[in-house]
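Engineer: Here is the input, now give the coordinates:
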Amino acid sequence: MAKLTKRFVEAVEPQSKGHVVWDDEFPGFGLRVYPSGKRSYIVQYRSRGRSRRYTIGLHGLWTPETARREAKALLGRAAHGGDPAEEREEERRALTIKQLCEQYIADMEAGLILGKGGRPKKETTIATDVGRLRRHIIPLLGTRRVRDITKPDMNNLMKDIIAGKTRVIVKTNKLRGKAIVRGGVGTAIRTMGLLGGVFSYAVEAGIIEHNPTHGLRKPKYKVRDRRLSESEYRTLGDILRQACRSNHLRIHADILRLIALTGCRRGEIVNLKWSAVDLEGSWTPALTRNFDTS
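Structural biologist: As a prediction, the model looks like this:
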């Protein structure tokens, strides 16, 4: 036990199993530390003869001081016959899709929603996700309660986006700027993938028990199986070699060469760091033989 201060909270080491550290100055107020390193503030109290635990929120969104004040208010409600955990459960059962999406957006912008590689989503990804949530999902399902959503609802939502029911022209923050929202198959597939992540977030938060997008059949869209032939690779090699002779084209030629050899995305090569390159083992004659024009 110890007083929960910012320095103490951030210094607590995670264990193989989640554990709780209780505040020694305020009984019932504690910190839950997950094996992943995530930390959340909790309060423990008794209601109708039962011990109840209430999660206040994640460290980062909450500080020890604000969480302690919230814990005092919660314990005060419990002392007067209330049950904050049960009240929250009732509130979650009535949560709408719009409220869930906005909650997801707030956590995403705070860096609490992890993307590829277990890292917070990039700003460009967040902007795209927010657009899909607010331009497709919320207009079609926003007023529905989260707990009432079923797999048939997901099928209907996907069909509506494919059919262009969310098609609209939206003004942006730029001068005379506008965004054209078209819908379609590609948009529907990506939007349903994002919605699956939102529902997984809701499952982890205890809002619902099952993800209604699981098992959803999505249409195939622009499956690309075209590969360059050996002669086409030779032609590409000639073009890149000629481009390398021009100082202002050399960097672009190098980027295209790496994309062709590795299959990486453009952004992955543009932002590539030397620390991520295996200089000794990755560049071999086997990789470059198709660019040889001799």
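
Engineer: Tell me where the chain has helices.
Structural biologist: Ranges of helices in the chain, per DSSP state H, are 6-11, 64-79, 84-93, 97-109, 123-132, 138-141, 151-162, 185-204, 230-243, 247-262, 266-270, 285-288.

Engineer: Which parts of the chain belong to which domain?
Structural biologist: Structural domains assigned to the chain are 6-84, 97-204, 230-291, following automatic domain parsing.

Engineer: if we can go back for a sec, for residue 54, which of the helices of the chain is the nearest?
Structural biologist: Residue 54 sits nearest to helix 84-93 of all the helices of the chain, at 4.7 Å, using Cβ to Cβ. From N, CA and C alone the C-beta is placed, and that goes for glycine too.

Engineer: What is the closest one packed up against?
Structural biologist: Where contact means 3 or more Cβ pairs under 8 Å, 6 or more residues apart in numbering; DSSP states H and E, helix 84-93 is packed against strand 39-47, strand 50-58, helix 64-79.

Engineer: Tell me which of these sits most buried.
Structural biologist: Comparing the helices and strands packed on helix 84-93 by mean neighbour count (mean count of other Cβ atoms under 10 Å), strand 39-47 ranks first with a mean of 19.

Engineer: what is the mean pLDDT for that one?
Structural biologist: Averaged across strand 39-47, the pLDDT comes to 94.

Engineer: Over to stretch 53-68?
Structural biologist: Taken as a whole, stretch 53-68 has an average pLDDT of 93.

Engineer: and what of stretch 118-126?
Structural biologist: 89.

Engineer: How far away from the center of its chain is that stretch?
Structural biologist: Put simply, stretch 118-126 sits 7 Å off its chain's centre (Cα atoms, centre = their mean, to the nearest Å).

Engineer: Start at 26, not 1
Structural biologist: Let's use 26 as the start, then, which means that last one is stretch 143-151.

Engineer: Using PDB, list the CA coordinates for that stretch.
Structural biologist: Extracted C-alpha coordinates of stretch 143-151, given in PDB (Å, rounded to 0.1, in the frame of the first residue of the first chain):
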ATOM      1  CA  GLY A 143       0.500  -2.600 -30.900                       C
ATOM      2  CA  ARG A 144       1.100   1.200 -31.500                       C
ATOM      3  CA  PRO A 145      -1.400   4.000 -31.200                       C
ATOM      4  CA  LYS A 146      -3.000   4.800 -34.500                       C
ATOM      5  CA  LYS A 147      -1.400   7.500 -36.700                       C
ATOM      6  CA  GLU A 148      -3.100  10.900 -37.200                       C
ATOM      7  CA  THR A 149      -3.900  10.100 -40.800                       C
ATOM      8  CA  THR A 150      -5.500   6.800 -39.800                       C
ATOM      9  CA  ILE A 151      -7.500   8.500 -37.000                       C
END
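
Engineer: thinking again about what came up before, now the domains of the chain as a markdown table including distance to residue 239?
Structural biologist: Shown next, in a markdown table, are the domains of the chain (distance: least, Cβ to Cβ, whole Å):
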| stretch | distance to residue 239 |
| --- | --- |
| domain 31-109 | 23 |
| domain 122-229 | 8 |
| domain 255-316 | 28 |
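
Engineer: Any idea which of the ones you listed gets closest to residue 243?
Structural biologist: Of all these, it is domain 122-229 that lies closest to residue 243, at 5.1 Å by Cβ to Cβ.

Engineer: Pick out the residue closest to the middle of this structure.
Structural biologist: The geometric centre of the chain, computed from its C-alpha atoms, lies nearest to residue 138 (Cα atoms, centre = their mean), at 4.2 Å.
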